[in-house]
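[1] Need coordinates for the following:
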Amino acid sequence: MLRARVVVDLSRLRNAPQLFAFTPRMMSEAAAVADSRWSGQMKTAFSTEGGSTGEKWPPLSPKYLAWKQGQRAAGRQKNRALIAAYRAGKSRFLKQHQAMSTRILVLSGVMRDDYSFRDNPGHVAEGVYLSPTRGLINLGARGPKFYGYHTTGTRTMPRRDPLRRTSQQMRHVFDGIVDVVRAHFARAFRAARQAGY
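    This next block holds a predicted model:
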């Protein structure tokens, strides 16, 4: 499983009252906000082939690019047959539709979509309540081992890390988390004042 983690830790605040404790609901809300920002950055990273992350992904080797172009041509031919059968009323579904691409880190689009779209089965966006002063937010994707190989590179393949972010991009994600935490604490503070604390 590959994912990026954001750890939110209040335990370093001295004398943090129980009033300002994390809750499972707050962690879930924070994860949703962080994910909307993170997913947008993932879409941009894939469309710019890493350019938006501050590290443009190395080009494909000529041999692999030729293979991908062959796969794309075969996929187009298969897709034409599927679409023709669908239009002729011989098939109700286009489930086997194959979207092949020669873009870097995109062959069928499954990995890109797992990272970028919340409704994909491999997408990870979860807020984990650990304790009243600790929470964990997991963002990224669950998938086959090759997801990780792109992040680290291998002996035969250069590193093309879709999880890389600039400090400004990380600040944008973290600011969303902070906004949720602030709003939660403000509600708790108002409730405490109304209760006479």
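[2] In the chain, where is pLDDT below threshold?
    Along the chain, the model assigns pLDDT under 70 to residues 1-20, 75-76, 78-80, 82-83, 85-87, 89-100, 197.
[3] which residues of it fall in helices?
    24-47, 62-87, 110-116, 146-152, 167-194 (DSSP state H).
[4] Distance from the first one to the middle of the chain?
    With C-alpha atoms, centre = their mean, to the nearest Å as the basis, the distance from the averaged C-alpha position of helix 24-47 to the chain average is 7 Å.
[5] That one: which residues count as buried?
    Buried residues in helix 24-47, counted by 16 or more other C-beta atoms under 10 Å: 26-35, 37-39, 41-42, 45-46. In short, each C-beta sits where N, CA and C put it, glycine included.
[6] Then the fourth one?
    Residues of helix 146-152 classed as buried under the neighbour-count rule (16+ other C-beta under 10 Å) are 147, 150-151.
[7] same question, the longest one
    In terms of neighbour count (16+ other C-beta under 10 Å), helix 167-194 has its buried residues at 169, 172-173, 176-177, 180-181, 184-185, 188.
[8] What is the nearest of the buried residues of helix 146-152 to residue 51?
    Nearest to residue 51 out of those is residue 150 (C-beta to C-beta; 15.9 Å).
[9] how deep is the closest residue to the closest one other than its chain neighbours tucked in, by neighbour count?
    Nearest residue to residue 150, sequence neighbours excluded (C-beta to C-beta, 6 or more residues apart in numbering): residue 160, at 5.1 Å. Number of residues near residue 160 (other C-beta atoms under 10 Å) recorded here: 21.
[10] Show me the beta-bridge partners of the nearest residue to residue 130 once chain neighbours are set aside.
    Leaving aside its sequence neighbours, residue 130 sits nearest to residue 136 (C-beta to C-beta, 6+ apart; 5.9 Å). With DSSP bridges applied, residue 136 shows beta-bridge pairing to residue 7, residue 128.
[11] Residue 136 contacts residue 128, correct?
    Yes: at 4.2 Å, residue 136 counts as touching residue 128 under the criterion of C-beta atoms under 8 Å.
[12] what do the two both touch?
    residue 27 (C-beta atoms under 8 Å, 6 or more residues apart in numbering).
[13] So residue 26 is in contact with residue 184, correct?
    Yes: counting by C-beta under 8 Å, residue 26 does reach residue 184; the two are 4.5 Å apart.
[14] And for residue 164, the neighbour number?
    Neighbour tally, residue 164, other C-beta under 10 Å: 17.
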